[in-house]
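K.L.:
predicted coordinates and the sequence they were generated for:
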Amino acid sequence: MKKFDLMKKILDSGALAVVRAKPERVLEIAESIVRGGIPVMEISYTNADAPQAIDLVHQHLGSSILVGAGTVNNSATAKDAIAHGAGFLYSPIFDRGVMSLANEYQIPYAPGCSTVTEAVEAMRAGATFIKYFPYGGLLGPDVIKTIKTPIPEMPLLESGGVDASNVRQWFDAGVEVVGIGSALSKGSKDTIEASARSIRKEIDAFRSTEK
């Protein structure tokens, strides 16, 4: 079950790096986060060379990291990402064409939704995770708690403003996964690795208290 296996990798990690950079820099980041214990990353299609970056990471790191495509806003982009082996699709919007392709090729899709109604519609259409965008990053964990209270089964992915200092707050509010930008993409390779280790430690500590 391809989709289940990919979804499990994302859930087991609990975090993914959100990366917008040139291919060589993307590879540096990928190597650093894997060493730090976060083996999932999203490469944004806001960069024209995103397909080359996906290929480069696959060539050098293989199955040690799950690479997804971000800013996938239409079917053409989704098809290209899937052709380059993207293991999941990530977007600031919900697009039914992208959803259809994700279902067809059995890979997870995390669309961005701005209203609860839109989020429920995306969930019913088959979205693996809901990225509550942009309000999570603007309003903080309380918005997640508010959504989870009446709809506890909604699988939420928070992206924006997450780092080691607050990642536990997001999980406590009810997210299943966090997308992390600057904390996992800025600075030297050693800095990124250290940040990944800190985030990994916080997520593992939170999960150990939940058992």
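P.N.:
It's in.
K.L.:
for the helix or strand of the chain with the lowest mean pLDDT, buried residues please.
P.N.:
When each helix and strand of the chain is scored by mean pLDDT, DSSP states H and E, helix 135-139 comes last, with a mean of 75. Of the residues in helix 135-139, 135, 136, 137 count as buried by neighbour count, 16 or more other C-beta atoms under 10 Å. C-betas here are computed from N, CA, C, even on glycine.
K.L.:
how close does the last one sit to residue 208?
P.N.:
Here the criterion is C-beta to C-beta, to the nearest Å. By it, residue 137 lies 27 Å from residue 208.
K.L.:
packing partners of the least confident helix or strand of the chain?
P.N.:
Where contact means 3 or more C-beta pairs under 8 Å, 6 or more residues apart in numbering; DSSP states H and E, helix 135-139 is packed against helix 141-148, strand 156-159.
K.L.:
where does pLDDT dip in the protein?
P.N.:
Applying pLDDT under 70 to the chain flags residues 1, 211.
K.L.:
what segments of it are helices?
P.N.:
2-13, 23-36, 50-61, 75-83, 96-105, 116-125, 135-139, 141-148, 167-173, 189-210 (DSSP state H).
K.L.:
could you count how many residues lie near the closest residue to residue 98 other than its chain neighbours?
P.N.:
Sequence neighbours aside, residue 78 is the residue nearest to residue 98 in space, at 4.5 Å (criterion: C-beta to C-beta, 6 or more residues apart in numbering). Residues lying near residue 78 (other C-beta atoms under 10 Å) number 27.
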